[in-house]
Structures are given as C-alpha cells and as structure tokens.
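Peer 1: with the input below, show me the fold.
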Amino acid sequence: DGYIDFMEYVAALSLVLKGKVDQKLRWYFKLYDVDGNGCIDRGELLNIFKAIRSINRCNETMTAEEFTDMVFDKIDINGDGELSLEEFMEGVQKDEMLLDILTRSLDLTHIVRLIQNDGENPHESEQEAQAAQ
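Peer 2: As a prediction, the model looks like this:
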C-alpha cells in the first residue's frame with residue numbers, strides 16, 4: 001500500500017538481520033524493484049543503492065554508479081537492461097563480491113545498537129575515552 005506499518009518494519013528488520021541468503025535476496029529484490037513490475041532496471045538499482053548509502057554509511061570505495069554498472073555487467077544475462085528475480089537471485093548467489101556488498105550495504109546492526117542505547121553510539125564514548133588518554 002506504499003506505507004510500512006510497525007509489524008512490517010519489524011519483519012523486514014528481522015529478515016535483514018537473521019534471514020537466510022535466499023530470503024534476504026528476495027527481500028532485496030523487492031526493495032530495488034521500486035515500481036513493482038517484477039524487474040529491476042538500472043535507474044531503480046542506482047536510486048535505491050544511493051538512498052541506502054546515504055542512510056547506512058558503509059566503507060565502500062566503489063561509487064553507486066560503479067556498483068550499478070558492475071551488477072548489470074555481471075548478472076544481466078540476456079542484456080535487456082533489466083534484472084528478473086531469477087537473474088538477480090542466481091547472479092548474486094554466484095558472485096561472492098556482489099553478495100558481500102549487498103549484505104554490507106543493508107547491515108543494520110549498528111542502527112539496532114543505536115536504538116538499544118537511546119541514540120548514543122556506544123563506540124563514541126570508548127573513542128572519546130581513548131582520545132582523552
């Protein structure tokens with residue numbers, strides 16, 4: 001319906017944190033398939049990957065554009081500029097680097113830690129204490 005209620009949020013969070021690879025990839029596909037047409041095009045992947053990166057800072061040296069190009073170069077088997085669920089699932093599962101980047105980009109464990117610590121980063125106080133010494 002275009003909105004996420006609390007239960008949908010909890011289910012998605014649980015899946016991203018604890019789900020099996022197959023489950024995660026299906027969820028990732030739905031996330032990237034913005035218009036819900038059953039395929040991911042370059043624009044959808046690029047826009048969502050950029051949005052994820054702006055929320056979830058990861059230490060990737062590759063730009064969102066480079067990542068998008070790499071994904072399509074590696075797994076768009078029929079070269080139609082779109083990724084079907086099957087192409088996405090098979091392609092990502094066969095490529096450890098793609099799977100690793102996707103998994104790390106959606107790793108929410110640090111966000112869960114922030115929530116558990118009332119918005120305070122537990123590592124910041126450790127870093128501040130070390131800097132004071």
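
Peer 1: pLDDT of stretch 96-104, averaged?
Peer 2: Averaged over stretch 96-104, pLDDT sits at 87.

Peer 1: and for that stretch, what's in contact with it?
Peer 2: Stretch 96-104 is contacted by residues 21, 24-25, 28, 58, 60, 62, 67, 70-71, 74-75, 91-93 when judged by CB atoms under 8 Å, 6 or more residues apart in numbering. Quick note: C-beta positions are derived from backbone N, CA and C, even for glycine.

Peer 1: check which residues of it are buried.
Peer 2: 98, 99, 101, 102 (16 or more other CB atoms under 10 Å).

Peer 1: same deal with stretch 40-49?
Peer 2: Neighbour counts over stretch 40-49 (16+ other CB under 10 Å) mark 40, 41, 42, 44, 45, 46, 48, 49 as buried.

Peer 1: can you redo these as TSV with distance to residue 7 and secondary structure?
Peer 2: Shown next, in TSV, are the buried residues of stretch 40-49 (distance: CB to CB, whole Å; DSSP: H, G, I helix; E, B strand; the rest coil):
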residue	distance to residue 7	secondary structure
40	26	strand
41	30	strand
42	33	helix
44	26	helix
45	27	helix
46	30	helix
48	22	helix
49	26	helix
